[in-house]
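*Asks:* here is the input, now give the coordinates:
(one chain, ligands or ions: 2)
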Amino acid sequence: MSEPLIRLVDVRKTFVLRERAGRIRRTKREVTAVDGISLDVPAGQICGYIGPNGAGKSTTVKILTGILTATSGTVRVAGLDPRTRRVELTRRVGVVFGQRTQLWWDLPLADSFELLRHVYRRDLADHRSRLSTLVEVLDLGAFLATPVRQLSLGQRMRGDLAAALLHAPEVLYLDEPTIGLDVVSKARVGEFLRRVNAEQGVTVLLTTHDLADVERLCDRLVVIDRGRVISDGTVAQIKQTYGRTRTLLVDFVEPQAPVTLQGITAVRVDGPRQWLSFDRTTSAAQLIAQVMQEASVRDLSIEEPHIDDVVRQVYGLAREQLLAAEGEDRA
Ligand SMILES: Nc1ncnc2c1ncn2[C@@H]1O[C@H](COP(=O)(O)OP(=O)(O)O)[C@@H](O)[C@H]1O
Ligand SMILES: [Mg+2]
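*Replies:* Ligands and ions are numbered 1, 2, ... in the order given. As a prediction, the model looks like this:
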């Protein structure tokens, strides 16, 4: 088997903060942002990398780009160590930090693209053909002459995506690329990423708060908390493990008292509509048959657990597990 495109082995990153304690004295405080992360991302995968605020997502991305150096552990991207081969890697990697643009603020968008051509020393013909594709797919044509600072957030993000992909990288790191975007822009960015991945085989590592992005896009979902991986699998696997219940949505012909069958909990009632929660191991067919004996039913559907709820549960369980493990350490 070939080596994964991205490899992290027991990576740690500790920041040392010097804080004032009183008027003269200073104390040192250590913050462990990444606490022993191991992760292999094969070429061609879209890997979601999520976690609560402060979990260590951005720090991981910065280590992968070579902006930050890991305190310990091994980091390889396309077989190269970003710490020592950063320049070589920049040609093979694209990055978007949603909170910060890499475009030149006062220049028209087109000028940023031209500057990037020189930064990456791209052949003019290659550059032109790639740029025209990106402009078309990301629909940038109407504001190529607009200074970046005058662009809307969604336009700017599309500009940033084009900038990150202009030099035809193999790997794309996206740190919160849809933050602050409206639903339409988000969907557009998602669609674009799927296309880039499918057509060019670009490997994507995506951090986001928006789990709809993850559900739409990611082959795999790695969940981190306090600098550690707490869950790793496909979205479907994580839902199966943590989203233990499904919901049967029933529209009765007439309003009914909440259904009280064994194995079912009526979690919500709204007129003739009821939301009945049941364990995922229970046969939906049997439950439906039972419900239909209770009263006349107009319509039925089964809802899978919502990804947000599932991930909240992952965090909740991980915290409990960590606390339990720490308790054992102390005993
Ligand atoms: N340059 C830094 N100096 C000190 N602490 C930092 C620095 N960067 C990040 N941290 C701390 O490391 C932890 C992880 O931060 P970060 O990687 O930005 O998390 P995330 O992107 O998941 O929200 C946080 O506690 C944060 O305060
Ligand atoms: Mg972050």
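
*Asks:* what's the local residue count around the closest residue to Val259 other than its chain neighbours?
*Replies:* Counting by C-beta to C-beta, 6 or more residues apart in numbering, Ala266 is the residue found nearest to Val259 once chain neighbours are left out, at 5.3 Å. C-beta here means a position set from N, CA and C on the backbone, and glycine is covered the same way. The number of residues packed near Ala266 is 17, by other C-beta atoms under 10 Å.

*Asks:* and the one 10 residues further on, by the same measure?
*Replies:* Here the neighbour count serves as a burial measure; for Leu276 (other C-beta under 10 Å) it reads 25.

*Asks:* what's the strand or helix carrying it packed up against?
*Replies:* Per DSSP states H and E: Leu276 is located in strand 273-279. Applying 3 or more C-beta pairs under 8 Å, 6 or more residues apart in numbering; DSSP states H and E, one finds that strand 273-279 contacts strand 245-252, strand 264-270, helix 284-294.

*Asks:* please spell out which residues along it are buried.
*Replies:* In terms of neighbour count (16 or more other C-beta atoms under 10 Å), strand 273-279 has its buried residues at Gln274, Trp275, Leu276, Ser277, Phe278.

*Asks:* pull up the pairing partners for it, direction included.
*Replies:* Strand 273-279 has these partner strands in its sheet, going by DSSP bridges: strand 245-252 (antiparallel), strand 264-270 (antiparallel).

*Asks:* out of these, flag the one nearest Ala78.
*Replies:* strand 245-252 (41.3 Å; C-beta to C-beta).

*Asks:* buried residues in that closest one?
*Replies:* For strand 245-252, the neighbour count (16+ other C-beta under 10 Å) marks Thr245, Arg246, Thr247, Leu248, Val250, Phe252 as buried.

*Asks:* so what are the domain limits for the protein?
*Replies:* As assigned by automatic domain parsing, the chain contains the domains 6-239, 245-304.

*Asks:* for the ones you listed, which one ends up most surrounded?
*Replies:* By mean neighbour count, with neighbours taken as mean count of other C-beta atoms under 10 Å, domain 6-239 ranks first of the domains of the chain at a mean of 17.

*Asks:* ok, which of the domains of the chain comes nearest ligand 1?
*Replies:* domain 6-239 (3.2 Å; C-beta to the nearest ligand atom).
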